[in-house]
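K.L.:
Sharing a model that was predicted from the sequence below.
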Amino acid sequence: MFPSPDFQQLQQTIQDCTSTEVELALTARKPGIHDLAALLSPAAVPFLEEMARRSALLTAQRFGKAIQLYAPIYLSNYCTNRCAYCGFAANNRIARKSLTLDEAEAEAEILHKRGFQHILLVSGEAEDIVGVEYLEAIALRLRGRFAAVSIEVQPLSTAHYARLFKAGITAVAVYQETYNQEMYKEVHLAGKKTDYHYRLETPARVAAAGMREVGIGALLGLTDWRAEGLALGLHLAWLHKHFWSTGVTVSFPRLRPAAGGFAPLVPVSEQNLSQLIFGLRLFDPDVGLLLSTREEARYRDGMLGLGTTRYSAGSCTAPGGYSHPDQTDGEQFSVGDLRTMDEVRMAIAAKGFDPVSKDWDSAFQTGK
Amino acid sequence: MLTIGGHTFNSRLFLGTGKFSSSAVMKQAIEASGTEMVTVALRRVDLDNPADDIMSSLDRNRCVFLPNTSGARNAEEAIRLAHLARAASGSIWLKLEVTPDPRTLLPDPIETLKATEELVRAGFIVLPYMNADPILALRLQDAGAAAVMPLGSPIGSNQGILTAFQIEIIIDQARVPVVVDAGIGAPSHAALAMEMGADAVLVNTAISVAGDPVAMARAFAQAVEAGRTAFVAGMGSRSKQAHASSPLEGTLATDLNFLA
């Protein structure tokens, strides 16, 4: 299993990096984990433009001038966990809702009409409401209509992931939120999610079940983002080594305003986020990097081509929010980029990139 | 320290025993090389005869005896040879060689994978000789190979590491040790493989047919050690060359003024 990183040691390693080590990392043909530490370090800040340049180059070589688009469908905001930063936390008084299969299909239909082919099913952790049977039933209903259906729900067993893969789920996102065990304990106050290790081992279960892709990530704003980045690099490299036929993507969700009023514990600026993205791109030229609508339009447009490869668009984070745009008081967080899918598409094209809706095919999985 | 199949090796130079002018020279070369792993072609030895030239020259307390299936044309032949070797020698180590083309002696990937699966199931420590194919290396390690042995160039060709690009990928991805086997014709080739991050190299012809095989064995030992030390010291991954510009560069906007 992936060994829990010693967070303090990661921080120390990063702090000790010198600008010479940054220069070496920038010229390394294949940057290793120590190079990543240097690229994430304070010593690398003066090199941000050079990092951006190299990141852009690698991204263009590997992914071309294309940005893949996806949208989330929030299935349910019921949650048995109490996570200090999340609007869905069990103790928050928000309008709770979980979609019936028909309602979920109606949401999907709206996204389909808007031109989405890649969708991400999201829910809080409430196994009685959104369990494997429910997810399986939705997958079976949607897989004929979409090129790829991913999930971001509570951690499941390997057997359940295998079952969902068979039903048509292509990929699973499960973010550690923080690789800092002490901080993890501090913000995960109740519920199954309090188990740091079970969550840490989840990406490996996803891969072992045969999923095409697993998404990892850290929630930025809880603790030292530099060390989170290095931990993500370690996790990424470990997954590659042990599950070489599973694709990996990385997300960098920055904390957004949400019910409960949790304020970020540490500031993470756009410059910080950019350094993290460029650093990971230099470390792994092949990894898919996501930039969601948590970020503002200005930032997302500016980052086009510099390292990230997948954008969500037109997202609503409340269950049923596409069918009922007036009822979003049950949202997980408020988004930063409020543009529609078409507006995002146009912005991408205006910068000389191809907004790609379809980059997979359900035939890969539905063929018997 | 290098560990394969639960056994720890101080030396990262493995030796083949073919083509020596005499078993006495072979014995001296083995000693001079400091090797702790020696491979022997099953077709060359008589395991039932304690007085066999080659077998009686090997100090099995100092060296792991690694029988190989050289000459096998398919999985079935290799598996049969392996079982016979285990019965006669008591060794569960096996260097798997399946080479259907007698001219190039290049390994058959499909039969090698098949035989690896079966021999691992049967309890052997399997080290498959393979072409430098990264996906095959991954498939072999998944099948339970204790190490993978990609070729640098065709066996006996002394051409060095012609497959450097693929070997680099194999080293990068492997969870098991990578032993570069075949084609290593000079100590500098061995040093290069080690600098690239190979865990060990296997050398035969370059030593056995040298003017002075014993001196050459020593030279290889020094080269392997130098290459390994250089790799650990962190060379190779650094190259100022990577600064070279590419035609793509000018077309990419890297203006960061949009940052808040």
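P.N.:
Alright, I've got the coordinates.
K.L.:
So for stretch B:62-78, mean pLDDT?
P.N.:
When pLDDT is averaged along stretch B:62-78, the result is 89.
K.L.:
List the contacts of the spatially closest residue to A:Glu50 that is not a sequence neighbour.
P.N.:
Among residues not flanking A:Glu50 along the chain, A:Leu26 sits closest, at 6.0 Å (Cβ to Cβ, 6 or more residues apart in numbering or on different chains). Every residue, glycine included, has its C-beta placed from N, CA and C. For A:Leu26, the contact set (Cβ atoms under 8 Å, 6 or more residues apart in numbering or on different chains) comprises A:Leu39, A:Phe47, A:Glu50, A:Met51, A:Arg54, A:Leu282.
K.L.:
So what touches the one helix or strand A:Glu343 maps to?
P.N.:
If you go by DSSP states H and E, A:Glu343 is part of helix A:341-350. Outside of helix A:341-350, the residues within contact range by Cβ under 8 Å, 6+ apart are A:67, A:69, A:71, A:114-116, A:297, A:300-301, A:304, A:311, A:313-314, A:337, A:339, A:354-355.
K.L.:
Output the residue of the stretch 201-350 of chain A whose distance to chain B is smallest.
P.N.:
A:Gly302 (2.9 Å; Cβ to the nearest Cβ).
K.L.:
My guess is A:Gln315 contacts A:Ser292. True?
P.N.:
Small correction: residue A:315 is Ser, not Gln. Yes: assessed by Cβ atoms under 8 Å, A:Ser315 is found in contact with A:Ser292 at 7.1 Å.
K.L.:
what's the first-to-last distance across stretch B:179-197?
P.N.:
For stretch B:179-197, the first-to-last residue distance is 10 Å (Cα to Cα, to the nearest Å).
K.L.:
Now do that stretch, average pLDDT.
P.N.:
The pLDDT scores in stretch B:179-197 average 94.
K.L.:
can you pull the pLDDT of whichever residue of chain B sits closest to chain A?
P.N.:
Minimum separation of chain B from chain A (Cβ to the nearest Cβ) falls at B:Phe258, amounting to 2.9 Å. Per-residue confidence at B:Phe258 stands at 86 (pLDDT).
K.L.:
again with A:Asp361
P.N.:
On pLDDT, A:Asp361 comes in at 76.
K.L.:
Can you give me every residue that contacts B:Ile155?
P.N.:
Residues near B:Ile155 by Cβ under 8 Å, 6+ apart: B:Leu105, B:Asp181, B:Ala182, B:Gly183, B:Thr205.
K.L.:
just to revisit the earlier point, name the nearest residue to the residue of chain B closest to chain A, sequence neighbours excluded.
P.N.:
Setting aside the residues directly before and after it, B:Phe258 is nearest to A:Gly302 in space (Cβ to Cβ, 6+ apart), at 2.9 Å.
K.L.:
roughly how far out does the helix holding A:Glu343 sit from the chain middle?
P.N.:
21 Å (Cα atoms, centre = their mean, to the nearest Å).
K.L.:
Output it as PDB - backbone C-alpha positions only.
P.N.:
Only the C-alpha atoms of helix A:341-350 are listed here, as PDB (Å, rounded to 0.1, in the frame of the first residue of the first chain):
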ATOM      1  CA  MET A 341     -20.600  25.800 -21.400                       C
ATOM      2  CA  ASP A 342     -20.800  27.700 -24.700                       C
ATOM      3  CA  GLU A 343     -19.100  30.800 -23.200                       C
ATOM      4  CA  VAL A 344     -16.300  28.600 -21.900                       C
ATOM      5  CA  ARG A 345     -16.100  26.800 -25.200                       C
ATOM      6  CA  MET A 346     -15.700  30.200 -27.000                       C
ATOM      7  CA  ALA A 347     -13.100  31.400 -24.600                       C
ATOM      8  CA  ILE A 348     -11.000  28.300 -25.200                       C
ATOM      9  CA  ALA A 349     -11.400  28.600 -29.000                       C
ATOM     10  CA  ALA A 350     -10.500  32.300 -28.800                       C
END
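K.L.:
ok so, going back, need the contacts of A:Leu26 in a markdown table with neighbour count, can you?
P.N.:
Below are the contacts of A:Leu26 laid out as a markdown table (neighbours: other Cβ atoms under 10 Å in any protein chain shown):
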| residue | neighbour count |
| --- | --- |
| A:Leu39 | 34 |
| A:Phe47 | 21 |
| A:Glu50 | 17 |
| A:Met51 | 26 |
| A:Arg54 | 25 |
| A:Leu282 | 22 |
